[in-house]
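Peer 1: Build me a model:
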Amino acid sequence: MNEIGDFIPRKRSQNLLIVEGNHEKNIIFRQLFKCFPELNIDMDDIWIYGTNIYVLYNDIVKEYGEDWNVEDVDLPFVISKKQYLNQRRYKDDFVNIILVFDYERHDPNFSEEKIMILQEYFNDMANVGQLYINYPMIESYQDIECIPDDNYIDKKVSVTINPGRKYKALVNNSPIKKIIELPEKMIEILIEKLFVSEEDGEVCVKELLNLSSDESLKQEIGKELEVISKKNIITVQFQFEDLIRKLNYINRNISYWAYLREVFQDLIKMNLKKAVRIQNSPLKNFNNYRDLYNALDLTDVLKQQNSMSSDFKNGYIWILNTCLFIVVDYNMNLLINDSKL
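Peer 2: Take a look at the predicted model:
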């Protein structure tokens, strides 16, 4: 969870995002919010819960009892009470509450009934909160060979692929992973080779990834590196130029952030089509992504996932990332208004 000071002013304008771990906060959502500033979610608005959805269920039960889903659950209160004995946050402090968790079919505490209750109850981000479940886990956004990936819509993973580290290994060399994690990789290089602070590295990389002209790219990289170091920048200069050119956005005269926004839009489209496909809705019945979005039912998606994965030998889980739907739940036009399928 994010660090909270001794006194927390009540800022009703805040949006709260509750995630399982550091990967979600420091990789995917850091980049997503930079690409979609319209969402108005600050990094300080992200709480790291630190454990899975079934522990969350038990924490709610401890506070409200077994029949908690007929109560008015104050999730920020439940979580802040557990994490900080002398500090409290309440749902009235937030405009929107968003929960992002993994499916965790292999967890000993897995329960089809419990996870369904959670999905059905947390269905309104402006009230109790909206739950997004990723299948089999958050790294599903990496399980794509190219953009667009026509094979993604049929991609599944066996229920025998557990625990999570085995699935992570399967997607470790994903081209999407390389794209989204580029800023962190560049910062690591600066720290390791130029011995700069993380803060200086972040500032430098931010400027480098704002570059949008192929002309004199290497020289511009050199200028930015000279700001933070006067020695040993040549190797890093060539390395950064190679990393940037390999993504093929600079030759289109756009910045990394503009390119990454397009990547996220494509990922959302692929997952939106797949979610509706999992609901057994023929895609031929839809004319555009707005129609698909209107047909989306996360409860139905979970119901189908539970059914398909119930056989512990031959069952499977559809690869699906739903947390990216935060963007379209905020404003469908961010996906590009009425784009065709």
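Peer 1: So which bits of stretch 30-44 are buried?
Peer 2: For stretch 30-44, a neighbour-count test (16 or more other C-beta atoms under 10 Å) marks 30-36, 39, 41 as buried. To be clear about C-beta, it is placed using only N, CA and C from the backbone, and glycine gets the same treatment.
Peer 1: Look up how far residue 308 lies from residue 188.
Peer 2: Distance, residue 188 to residue 308, by C-beta to C-beta, to the nearest Å: 39 Å.
Peer 1: For residue 275, list the residues it contacts.
Peer 2: Neighbouring residues of residue 275 by C-beta atoms under 8 Å, 6 or more residues apart in numbering: 296, 298, 301, 320, 322, 325.
Peer 1: Just give the number of residues close to the residue nearest to residue 312 when sequence neighbours are not counted.
Peer 2: Computed as C-beta to C-beta, 6 or more residues apart in numbering, the closest residue to residue 312 that is not its neighbour in sequence is residue 159, at 5.9 Å. For residue 159, the neighbour count with other C-beta atoms under 10 Å is 19.
Peer 1: Make a markdown table from the contacts of residue 275 and add neighbour count to it.
Peer 2: Formatted as a markdown table, the contacts of residue 275 follow (neighbours: other C-beta atoms under 10 Å):
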| residue | neighbour count |
| --- | --- |
| 296 | 17 |
| 298 | 19 |
| 301 | 22 |
| 320 | 24 |
| 322 | 23 |
| 325 | 19 |
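Peer 1: Max pairwise distance over those: which two?
Peer 2: 296 and 320 (11.4 Å; C-beta to C-beta).
Peer 1: and the residue lying closest to residue 158 once chain neighbours are set aside, how many neighbours does it have?
Peer 2: For residue 158, ignoring the flanking residues on the chain, the nearest one in space by C-beta to C-beta, 6+ apart is residue 316 at 5.6 Å. The tally of other residues near residue 316 (other C-beta under 10 Å) stands at 17.
Peer 1: what about the lengthiest helix in the chain, distance to the chain center?
Peer 2: Taking DSSP state H as the assignment, the helix of the chain that covers the most residues is helix 256-278. Helix 256-278 sits 12 Å away from the centroid of its parent chain (C-alpha atoms, centre = their mean, to the nearest Å).
Peer 1: Now it: buried residues?
Peer 2: Using 16+ other C-beta under 10 Å as the test for burial, helix 256-278 gives 256-257, 259-261, 263-278.
Peer 1: ok, then the element right after it?
Peer 2: helix 289-295 (DSSP states H and E).
Peer 1: Would you map the strands across this structure?
Peer 2: Ranges of strands within the chain are 14-19, 46-48, 94-102, 123-124, 129-134, 156-158, 316-318, based on DSSP state E.
Peer 1: mind putting these in a markdown table, mean pLDDT and distance to residue 206 included?
Peer 2: Formatted as a markdown table, the strands of the chain follow (pLDDT from 0 to 100; distance: least, C-beta to C-beta, whole Å):
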| stretch | mean pLDDT | distance to residue 206 |
| --- | --- | --- |
| strand 14-19 | 91 | 22 |
| strand 46-48 | 90 | 19 |
| strand 94-102 | 95 | 25 |
| strand 123-124 | 96 | 35 |
| strand 129-134 | 97 | 28 |
| strand 156-158 | 94 | 35 |
| strand 316-318 | 96 | 36 |
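Peer 1: possible to save those as JSON lines with distance to residue 169?
Peer 2: Formatted as JSON lines, these follow (distance: least, C-beta to C-beta, whole Å):
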{"stretch": "strand 14-19", "distance to residue 169": "22"}
{"stretch": "strand 46-48", "distance to residue 169": "23"}
{"stretch": "strand 94-102", "distance to residue 169": "16"}
{"stretch": "strand 123-124", "distance to residue 169": "33"}
{"stretch": "strand 129-134", "distance to residue 169": "17"}
{"stretch": "strand 156-158", "distance to residue 169": "12"}
{"stretch": "strand 316-318", "distance to residue 169": "16"}
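Peer 1: Quick one: closest of those to residue 224.
Peer 2: Ranking the strands of the chain by proximity to residue 224 (C-beta to C-beta) places strand 46-48 first, at 28.1 Å.
Peer 1: How many neighbouring residues does residue 109 have?
Peer 2: 12.
Peer 1: For it, which non-adjacent residue is spatially closest?
Peer 2: Nearest residue to residue 109, sequence neighbours excluded (C-beta to C-beta, 6+ apart): residue 54, at 3.8 Å.
Peer 1: Where does the prediction get shaky in the stretch 151-300 of the chain?
Peer 2: 163 (pLDDT under 70).
Peer 1: quick one: the helices in it?
Peer 2: Ranges of helices in the stretch 151-300 of the chain, per DSSP state H, counting those that start in this stretch, are 164-170, 175-180, 182-194, 198-208, 217-228, 233-246, 256-278, 289-295, 298-308.
Peer 1: now these as JSON lines including distance to residue 142?
Peer 2: Converted to JSON lines, those look like this (distance: least, C-beta to C-beta, whole Å):
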{"stretch": "helix 164-170", "distance to residue 142": "9"}
{"stretch": "helix 175-180", "distance to residue 142": "5"}
{"stretch": "helix 182-194", "distance to residue 142": "13"}
{"stretch": "helix 198-208", "distance to residue 142": "21"}
{"stretch": "helix 217-228", "distance to residue 142": "27"}
{"stretch": "helix 233-246", "distance to residue 142": "17"}
{"stretch": "helix 256-278", "distance to residue 142": "10"}
{"stretch": "helix 289-295", "distance to residue 142": "22"}
{"stretch": "helix 298-308", "distance to residue 142": "19"}
